[in-house]
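*Asks:* Give me the fold of what follows.
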Amino acid sequence: MTTPINLYICSAPDVIPTGTELYTKHLYRTATEITSNLKHEELFGPEVGPENPFKTQQQRAVKNMLSGYVEHAHISPFQFENQRRTFASYGNINIIAVKDSVDYQGRSFLHAPQDVGVNLRSESPPDRCFLPKAQIHTWEGHTKGISQIRWFPRTAHLLLSSSMDCRIKLWEVYKDRRCVRTYYGHRQAVRDISFDNDGKRFLSAAYDRYVKLWDTETGACISRFTNRKIPYCAKFNPDPDKQHLFVAGTSDKKIICWDIRSGEITQEYDRHLGAVNTITFVDENRRFVTTSDDKSLRVWEWDIPVDMKYIADPSMYSMPAVTPSRNQKWLACQSMDNKIVIFSALNRFKMNRKKTFTGHMVAGYACGLDFSPDMSYLVSGDADGKCYIWDWKTTKLYKKWKAHDGVCIDVLWHPHEPSKLVTAGWDGKIKYWD
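*Replies:* Residues are numbered from 1 along each chain as shown. Have a look, this model is predicted:
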């Protein structure tokens with residue numbers, strides 16, 4: 001026999017007794033733990049108590065951190081990593097550049113320093129130059145091999161470098177020796193760079209088939225030029241009244257002259273039989289000399305598309321690097337048979353058979369070369385990463401040393417310092433020697 005269950009039903013509703021609103025539990029904003037279960041309206045109720053009447057509307061706004069209110073947001077790991085890498089590649093360099101882009105007088109980094117112990121505005125070179133003895137600095141920042149380095153015009157207080165990593169960088173030569181600007185825009189390796197006369201703009205030629213004009217100070221790309229062929233070299237006309245014109249040697253055997261004001265081609269010099277490697281202005285900029293893969297050297301009058309002199313010899317090799325001497329009398333040409341050959345840069349453009357510099361190995365590489373400011377030494381890079389210095393008068397090899405792990409692709413002697421030179425290599429490093 002089962003026992004009946006008595007069910008009691010209370011029909012009275014739940015009624016909150018009067019006066020209980022006074023017993024609402026309140027929390028301190030600074031509380032870090034709760035010892036009882038609170039209702040939603042108690043946890044998220046409005047703040048009560050005296051209010052500071054002097055707070056602004058912004059200060060009275062709801063905050064969950066010191067500087068404001070942060071909401072939870074979702075971002076995919078891919079997007080986060082993409083943004084992080086972008087900042088690591090671009091952001092930190094540009095922040096450094098912006099932070100100290102002007103000095104206390106409001107002058108940009110293009111202004112040459114005057115407290116470095118040498119007159120950077122001097123028109124005359126050092127009286128006597130000496131051989132460098134030790135490495136004093138290394139600039140690192142490029143991730144692939146360097147292709148060209150260039151001094152800032154006249155003062156040489158800045159150094160411009162282009163690289164296979166598609167980047168162009170501007171470095172300080174004095175004081176902190178930091179990277180002051182990085183120029184992004186090319187999609188393939190940069191082959192050549194060239195300043196205009198005052199250094200406020202420069203050209204870059206790259207394997208993406210574009211020649212680009214840059215603002216040195218802001219890093220902005222002003223304009224770009226292409227004829228659908230790879231430009232191997234680009235140079236401004238050094239004449240002060242022709243700074244709007246530049247010439248570029250291309251892979252389709254032409255030298256093309258562009259007007260940067262209109263962006264149009266104004267002249268074509270089409271006589272070479274191979275890709276044009278170098279363009280060098282001579283004879284007070286009335287003429288220019290070009291070298292090519294066709295193993296010839298041609299001399300052109302400005303704006304006349306027929307070469308006035310053609311130098312080719314069965315014994316000549318391709319010359320992918322050419323440097324004029326400081327006195328504008330000679331052209332030093334890096335020849336692919338492991339020699340440096342010298343041509344006179346005045347009138348006859350004849351090869352000087354008595355001056356040939358040998359001992360280094362450059363076959364297959366366009367290793368740069370340079371003269372010392374006093375014209376007493378000739379310096380060149382080499383395929384083994386060595387740097388060679390010869391006596392200009394006697395052609396005797398004075399010194400060689402291991403400068404880079406890869407090819408030593410370019411060498412520049414400082415125009416105002418008697419014993420300082422810069423080397424650049426395919427190891428991505430730029431080294432300063434004294």
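*Asks:* Am I right that residue 59 is in a helix?
*Replies:* Yes: using DSSP: H, G, I helix; E, B strand; the rest coil, the secondary structure at residue 59 is a helix.
*Asks:* Check what pLDDT it gets.
*Replies:* Note on residue 59: pLDDT of 81.
*Asks:* could you point out the longest helix in the protein?
*Replies:* Identified as the longest helix of the chain according to DSSP state H is helix 77-86.
*Asks:* can you count the residues close to residue 309?
*Replies:* Residues near residue 309, counting by other Cβ atoms under 10 Å, number 15. The way it works is simple: take the backbone N, C-alpha and C, and place the C-beta from them, glycine included.
*Asks:* Helices of the protein, start to end?
*Replies:* With DSSP H as the criterion, the chain has helices at 40-43, 57-60, 77-86, 92-99.
*Asks:* Contacts for the second one next, please.
*Replies:* For helix 57-60, the surrounding residues in contact (Cβ atoms under 8 Å, 6 or more residues apart in numbering) are residue 51.
*Asks:* Would you indicate which residues of that helix are buried?
*Replies:* Within helix 57-60, no residue counts as buried by 16 or more other Cβ atoms under 10 Å.
*Asks:* what distance separates it from the centre of its chain?
*Replies:* 46 Å (Cα atoms, centre = their mean, to the nearest Å).
*Asks:* same thing with the first one?
*Replies:* On the basis of Cα atoms, centre = their mean, the separation between the geometric centre of helix 40-43 and that of its chain is 60 Å.
*Asks:* how close does residue 219 sit to residue 8?
*Replies:* As judged by Cβ to Cβ, to the nearest Å, residue 219 and residue 8 stand 85 Å apart.
*Asks:* Counting neighbours, go ahead and name the busier of those two.
*Replies:* residue 219 (18 against 4).
*Asks:* Wait, that one touches residue 180, no?
*Replies:* No: between residue 219 and residue 180 no contact is recorded; they are 9.7 Å apart, counting by Cβ atoms under 8 Å.
*Asks:* ok so, going back, least reliable of the helices of the chain going by mean pLDDT?
*Replies:* For these, mean pLDDT drops lowest on helix 92-99, to a mean of 45.
*Asks:* Spit out the contact partners of residue 47.
*Replies:* Taking Cβ under 8 Å, 6+ apart, one finds residue 29 in contact with residue 47.
*Asks:* Show the low-confidence segments of the chain, by residue range.
*Replies:* Applying pLDDT under 70 to the chain flags residues 1-7, 15-24, 90-101.
*Asks:* Could you rerun that using 90?
*Replies:* Along the chain, segments meeting pLDDT under 90 span 1-109, 113-119, 121-123, 125-126, 175-176, 313, 315, 326-328, 346-349.
*Asks:* contacting residues around residue 273?
*Replies:* For residue 273, the contact set (Cβ under 8 Å, 6+ apart) comprises 253, 292, 294, 296.
*Asks:* Select from the residues you listed the one having the most neighbours.
*Replies:* Compared across the contacts of residue 273, residue 292 has the highest neighbour count, 24 neighbours, by other Cβ under 10 Å.
*Asks:* Roughly how far does that one sit from residue 274?
*Replies:* Taking Cβ to Cβ, one finds residue 292 at 5 Å from residue 274.
*Asks:* any common contacting residues for those two?
*Replies:* In contact with both residue 292 and residue 274: 253, 318, using Cβ under 8 Å, 6+ apart.
*Asks:* So residue 267 is in contact with residue 306, correct?
*Replies:* No: in this structure, residue 267 is not within contact of residue 306 by Cβ under 8 Å, at 11.5 Å.
*Asks:* Which of the two has more residues huddled nearby?
*Replies:* A direct count of neighbours by other Cβ under 10 Å for residue 267 and residue 306 places residue 267 higher, at 17 against 10.
*Asks:* Who is that one paired with across the strands?
*Replies:* residue 257 (DSSP bridges).
*Asks:* What's the local residue count around the nearest residue to residue 137 once chain neighbours are set aside?
*Replies:* Of all residues not flanking residue 137 in the chain, residue 432 sits nearest, at 4.1 Å (Cβ to Cβ, 6 or more residues apart in numbering). Residue 432 has 20 neighbours, counted by other Cβ under 10 Å.
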